[in-house]
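Engineer: okay, here's the prediction I keep looking at, along with the sequence it came from:
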2 protein chains.
Amino acid sequence: MNNDFPQLKNDLFLRALRGEEVERPPVWMMRQAGRYLPQYMVLRKKYTFFERVETPELACEITLQPIDELEPDAAIIFSDILTVPQALGIDVQMIQGKGPVMGNPIKTVDDAFSILAEDVPGKLSHVMEAITLTRQELNGRVPLIGFAGAPWTLFCYMVQGEGSKDFNKAKAFLYQHPEASRHVIRELTTATIDYLQAQVEAGAQAVQLFDSWAGLLSPEDFNEWAMPSLLEISSAIKDVPVILFAKGAWYALERLSFKSNAAALGIDWTITPEYAREKTRNEITLQGNFDPSRLLAPIPEIEKQTRRMIDRFGTRRYIANLGHGILPHVPVDHARAFVDTVKEYGT
Amino acid sequence: MNNDFPQLKNDLFLRALRGEEVERPPVWMMRQAGRYLPQYMVLRKKYTFFERVETPELACEITLQPIDELEPDAAIIFSDILTVPQALGIDVQMIQGKGPVMGNPIKTVDDAFSILAEDVPGKLSHVMEAITLTRQELNGRVPLIGFAGAPWTLFCYMVQGEGSKDFNKAKAFLYQHPEASRHVIRELTTATIDYLQAQVEAGAQAVQLFDSWAGLLSPEDFNEWAMPSLLEISSAIKDVPVILFAKGAWYALERLSFKSNAAALGIDWTITPEYAREKTRNEITLQGNFDPSRLLAPIPEIEKQTRRMIDRFGTRRYIANLGHGILPHVPVDHARAFVDTVKEYGT
């Protein structure tokens, strides 16, 4: 690991991940570098999505935009979960108004067995460069989070070929070709471990694994197809804290908290703080779970609901965040009200 | 109520709703009249969606197609949840490949307050005619289910103006204009009660309320915006059993079972049978919860998983069904394997 980085000035986020006493909960927002920020929209008009992701200077600049604007307690590298499928040979186009579209999705058993996790960090070296650069540019203001999509969620896109409400093509493939599916998920698991370890070596001080489509699976299917990768990846990353966010998998909170080596679990807004604390027996840090649409409410309501969320989670072993990514049309002042309310909590 | 209907020969479904002992669980499938059936596709090519919905003879023919083809234990009238918004003045177009699009969605507080539940049954008399005709044509083979969309779900479409993954426009409206939203939901509740009562008078022998987007709400928002209508509607319909299906609202099972007068609760596939039975203390009939994508698995796997589902729910107070509507590309033989496995259970 590169140790020549500027000294960290705000370690609230890392202390909360370690379960230490904190003066107030740290706060950041999933997708905090994004379309709700006017300064991001300027770059979005000048460069394509993958130019922004693949140019370390642009990814760095975008990562820092919300840090300058809102001063949350952590930065998350600007990138995309579909970088790993790209490194595995899947062609990904980002179509405006539609989202990601794969030119060569997995359609056959042969397609599936052709997926091999070979030198993924080498193919994604631009992400590692962006992390190292951003870590320098952050100058110790806040820690930098790396991330990856979880294998099940990546499998969904790689088979479905595009975004979907139910990813039924991906699920059908799973049920029709379990061995081929297992191969893909195994390669994705290897690729993700290599990728996250490279991110840590490049300077990531924590990593988050996004299993955005976990909630499409029944509890049994989750245990078979999603859980093993989450456990394996979180065990393999030893040098920094790992946050697991299995969106929609309320039924798995208990098992994820006891079986994984994760430092924290992400919680979506359909889970009450009380339920999450009970199922995890207050033994793991929880991160979440403000309903992203609620940032469209009037500011006094945002302030009130944010305070109420912290009251219910408690200040220890807690990282204030949204329950999913911030929406594009949230006014910046509303995002600021959320961040500021957490920062002023208890004062 | 019209009592001149042919005598019912198969009352398994109604007995299960009443919690009586049954020789095996009844079975039907949500959206069982639909695109997976070749005979439906013939009519779909000849008539527009609303011609099919609004012509009693066509709606009747379509309702009977799966009864003839698969012989499940209940029929559900072919219609659409968006009939009620239409009766309230919302223009609904069904666009192929996209789904419903509203020409005049609710955008302002004035739009919201202009929504008034006036003579909804009169405006939807074609549905009642279709029910009466279908009840005759069924000739007592199986009971006929009527249905409506739940107010929260209809509100989502009426404000969003189209289908959506997160209905964030609808949720933003809710948070920005709670009084106007409350008005719309109140009118929808009145409209739905009138509509379902008219369906019962026309011959529906049970009714199901579909709250398809319940799972987008936090538990608190569900309690505020969805639950009261579900309770009020299920209390108002006294002459036939009511099934409540609040998809995604796993957190509300306990309250729905104890606070509502519903005969049964629909269960999606993210809820285990054990969890559902525990939360409802085995005191209400449960309906569900086969993962619709699993009908794309090989037939022996469908048979095995269907038997396993019944083993876990038990045969009493149970109606075998999917956890959501059947998918368009399911082979008919796979749907038949599901229905037949339930019918052969225990023999």
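Structural biologist: Arrived safely, thanks for sending. Numbers count the residues shown, from 1 in each chain, chains lettered A, B, ... in the order given.
Engineer: please enumerate the helices of the stretch 51-200 of chain A.
Structural biologist: Using DSSP state H, counting those that start in this stretch, the helices of the stretch 51-200 of chain A run over residues A:56-70, A:83-87, A:109-113, A:120-123, A:125-138, A:151-160, A:168-176, A:178-202.
Engineer: so which of these gets nearest A:Pro219?
Structural biologist: Nearest to A:Pro219, of all those, is helix A:151-160, at 13.5 Å by C-beta to C-beta. Where you see a C-beta, it was placed from the backbone N, CA and C, and this is true even at glycine.
Engineer: tilt between the closest one and helix A:178-202?
Structural biologist: Interaxial angle, helix A:151-160 versus helix A:178-202 (axes from the mean of the first three to the mean of the last three C-alpha atoms, to 10 degrees): 120 degrees.
Engineer: got the buried residues for helix A:151-160?
Structural biologist: Across helix A:151-160, burial judged by 16 or more other C-beta atoms under 10 Å in any protein chain shown covers A:Pro151, A:Trp152, A:Thr153, A:Leu154, A:Phe155, A:Cys156, A:Tyr157, A:Met158, A:Val159, A:Gln160.
Engineer: alpha carbons only: can I get it in PDB?
Structural biologist: The C-alpha trace of helix A:151-160 is given here as PDB (Å, rounded to 0.1, in the frame of the first residue of the first chain):
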ATOM      1  CA  PRO A 151     -21.300 -10.400  -8.600                       C
ATOM      2  CA  TRP A 152     -25.100 -11.100  -8.600                       C
ATOM      3  CA  THR A 153     -25.900  -7.500  -9.700                       C
ATOM      4  CA  LEU A 154     -23.200  -7.600 -12.400                       C
ATOM      5  CA  PHE A 155     -24.500 -11.000 -13.600                       C
ATOM      6  CA  CYS A 156     -28.000  -9.300 -14.000                       C
ATOM      7  CA  TYR A 157     -26.700  -6.700 -16.400                       C
ATOM      8  CA  MET A 158     -24.400  -9.100 -18.300                       C
ATOM      9  CA  VAL A 159     -27.200 -11.500 -19.100                       C
ATOM     10  CA  GLN A 160     -30.200  -9.100 -19.300                       C
END
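Engineer: packing partners for it?
Structural biologist: Where contact means 3 or more C-beta pairs under 8 Å, 6 or more residues apart in numbering or on different chains; DSSP states H and E, helix A:151-160 is packed against helix A:83-87, strand A:99-102, helix A:168-176, helix A:178-202, strand A:206-211, helix A:227-236.
Engineer: for chain B, find the nearest of the ones you listed.
Structural biologist: helix A:168-176 (3.6 Å; C-beta to the nearest C-beta).
Engineer: list the buried residues of the closest one.
Structural biologist: Buried-residue list, helix A:168-176, by 16+ other C-beta under 10 Å: A:Asn168, A:Lys169, A:Ala170, A:Lys171, A:Ala172, A:Phe173, A:Leu174, A:Tyr175.
Engineer: Serialize these to TSV and add fields for distance to B:Tyr345 and pLDDT.
Structural biologist: Shown next, in TSV, are the buried residues of helix A:168-176 (distance: C-beta to C-beta, whole Å; pLDDT from 0 to 100):
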residue	distance to B:Tyr345	pLDDT
A:Asn168	26	94
A:Lys169	30	96
A:Ala170	30	97
A:Lys171	25	97
A:Ala172	25	96
A:Phe173	29	97
A:Leu174	26	96
A:Tyr175	21	96
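Engineer: just the helices and strands packed on helix A:151-160: most buried one?
Structural biologist: Comparing the helices and strands packed on helix A:151-160 by mean neighbour count (mean count of other C-beta atoms under 10 Å in any protein chain shown), strand A:206-211 comes out on top with a mean of 25.
Engineer: right, and the helix or strand after that strand?
Structural biologist: Heading C-terminal from strand A:206-211, the first helix or strand you meet, by DSSP states H and E, is helix A:219-221.
Engineer: model confidence over that following helix, on average?
Structural biologist: Averaging pLDDT along helix A:219-221 yields 97.
Engineer: so is it next to chain B?
Structural biologist: Yes - applying C-beta under 8 Å from any C-beta of the partner chain, one finds helix A:219-221 touching chain B at A:Pro219, A:Glu220, A:Asp221.
Engineer: kindly reformat those as CSV containing neighbour count.
Structural biologist: Shown next, in CSV, are these (neighbours: other C-beta atoms under 10 Å in any protein chain shown):
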residue, neighbour count
A:Pro219, 19
A:Glu220, 14
A:Asp221, 21
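Engineer: what is the nearest of these to B:Val184?
Structural biologist: Of all the residues of helix A:219-221 next to chain B, B:Val184 sits closest to A:Pro219, with 35.3 Å by C-beta to C-beta.
Engineer: test my guess that the closest one contacts A:Tyr251.
Structural biologist: Yes - between A:Pro219 and A:Tyr251 there is a contact at 4.5 Å, judged by C-beta atoms under 8 Å.
Engineer: which positions in the stretch 201-347 of chain A make contact with chain B?
Structural biologist: So the stretch 201-347 of chain A meets chain B at A:215, A:217-221, A:248, A:250-251, A:269-272, A:275, A:291-294, A:296-298, A:301, A:327 (C-beta under 8 Å from any C-beta).
Engineer: could I have the buried ones of those as ChimeraX selection syntax?
Structural biologist: Filtering those down to the buried ones (16+ other C-beta under 10 Å) takes a single ChimeraX command:
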select /A:215,217,218,219,221,248,250,251,269,270,271,272,291,292,293,294,296,297,301,327
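Engineer: need the per-residue pLDDT for A:Asp4.
Structural biologist: pLDDT, A:Asp4: 85.
Engineer: likewise for the one 10 residues further on?
Structural biologist: With respect to pLDDT, A:Leu14 has a value of 98.
Engineer: that one belongs to a helix?
Structural biologist: Yes - counting by DSSP: H, G, I helix; E, B strand; the rest coil, A:Leu14 is part of a helix.
Engineer: overlap of the contact sets of A:Pro219 and A:Tyr251?
Structural biologist: B:Thr270, B:Thr272 (C-beta atoms under 8 Å, 6 or more residues apart in numbering or on different chains).
Engineer: and the residues of helix A:219-221 next to chain B as TSV, adding distance to B:Val109?
Structural biologist: Shown next, in TSV, are the residues of helix A:219-221 next to chain B (distance: C-beta to C-beta, whole Å):
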residue	distance to B:Val109
A:Pro219	42
A:Glu220	46
A:Asp221	44
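Engineer: now, which of these sits nearest chain B?
Structural biologist: Nearest to chain B among the residues of helix A:219-221 next to chain B: A:Pro219, at 5.3 Å, using C-beta to the nearest C-beta.
Engineer: quick check: the closest one vs B:Met309, distance?
Structural biologist: Separation of A:Pro219 from B:Met309 (C-beta to C-beta, to the nearest Å) stands at 13 Å.
Engineer: likewise A:Phe222?
Structural biologist: 16 Å.
Engineer: burial count for A:Leu14?
Structural biologist: Residues within reach of A:Leu14, counting by other C-beta atoms under 10 Å in any protein chain shown, total 20.
Engineer: can I assume it is in contact with A:Ala206?
Structural biologist: Yes - judged on C-beta under 8 Å, A:Leu14 makes contact with A:Ala206 at a distance of 6.8 Å.
Engineer: give me the common contacts of those two.
Structural biologist: Joint contacts of A:Leu14 and A:Ala206 (C-beta under 8 Å, 6+ apart) are A:Pro143, A:Pro241.
Engineer: tell me who's in contact with A:Pro143.
Structural biologist: Contacts of A:Pro143 (C-beta under 8 Å, 6+ apart): A:Leu8, A:Asn10, A:Asp11, A:Phe13, A:Leu14, A:Ala74, A:Ala75, A:Gln205, A:Ala206.
Engineer: just checking, the last one touches A:Val242?
Structural biologist: Meaning A:Ala206. Yes - counting by C-beta under 8 Å, A:Val242 is a contact partner of A:Ala206 at 7.4 Å.
Engineer: look at the spatially closest residue to A:Gln305 that is not a sequence neighbour and give its secondary structure.
Structural biologist: Spatially, and ignoring its direct neighbours in sequence, A:Gln305 is nearest to A:Arg294 (6.0 Å; C-beta to C-beta, 6 or more residues apart in numbering or on different chains). Assigned with three-state DSSP, A:Arg294 falls in the helix class.
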